[in-house]
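Undergrad: this one's structure only:
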């Protein structure tokens, strides 16, 4: 059953804590993306990776970090430097390394601050 | 940087009516994509239209692209309650990562 899996579905962060959101895909896609969505808003790009061991900052990378050690995995860490982390986080993958292919999305992780 | 912007922000119609939403963008593009999002879920790709295409159909969906006006429209014909969702356009300025607009929230009542 091919697809893209995000976990957990819900995550709570305490003050000053780092948390990591998981994103795994078995579609053999080269590119992976992280977006943040606030209520009633569109998606804002956090980080993206077009190839293993390489990634680029998006529009709102401050307070976040990523790694791409394996083709299938692109975890996102929300650090304590991100002062307003409450949002819905979406991971996506893409077959090619350009914007000419469609994105496949996971079902999202809702992050809230305790 | 918000590349695309959808209009209207919200749209309420009755079942059976047509729904039209528009997208405007700022820079030149290779293609424009439309996605759908049900509440609390991930986005699902609907249709991709290339810069050399003017119109594209997929089932009850019709997408147009006017590169001279930097705009696109998505028409859903004979709407159903199940079409209730948010709809987003997306483009890749510079040919890299897709950038999304803020979306149009469509509500179809029976």
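TA: Cool, the structure landed. Bear in mind that the values here come from a model prediction, so they are computed numbers and not experimental data. Residues are numbered from 1 along each chain as shown, chains lettered A, B, ... in the order given.

Undergrad: pLDDT score assigned to whatever residue of chain B ends up closest to chain A?
TA: Closest residue of chain B to chain A, CB to the nearest CB: residue B:92 (2.0 Å). C-beta: built from backbone N, CA, C; applies to glycine. Note on residue B:92: pLDDT of 89.

Undergrad: Near chain B, which residues of chain A are found?
TA: With the criterion set to CB under 8 Å from any CB of the partner chain, chain A comes near chain B through A:6, A:33, A:35, A:41-43, A:45, A:48, A:50, A:56, A:58-59, A:88, A:90, A:92, A:94, A:98-100, A:102-108, A:110.

Undergrad: Quick check: mean pLDDT of stretch B:59-73?
TA: pLDDT averaged over stretch B:59-73 gives 97.

Undergrad: what's the helix or strand for residue A:46?
TA: strand A:43-51 (DSSP states H and E).

Undergrad: Give me the neighbour count for the closest residue to residue B:62 other than its chain neighbours.
TA: Closest residue to residue B:62 apart from its sequence neighbours, by CB to CB, 6 or more residues apart in numbering or on different chains: residue B:75 at 4.3 Å. Using other CB atoms under 10 Å in any protein chain shown, residue B:75 is surrounded by 15 other residues.

Undergrad: again, but for residue B:107
TA: 14.

Undergrad: so how far is residue B:32 from it?
TA: Distance from residue B:107 to residue B:32, counting by CB to CB, to the nearest Å: 24 Å.

Undergrad: quick one: low-confidence parts of the chain?
TA: Because you didn't say which chain, this covers chain A. A:1-2, A:97-99 (pLDDT under 70).

Undergrad: nope, chain B please
TA: B:1-3.

Undergrad: Would you mind listing the buried residues in stretch A:29-46?
TA: A:29-37, A:42-46 (16 or more other CB atoms under 10 Å in any protein chain shown).
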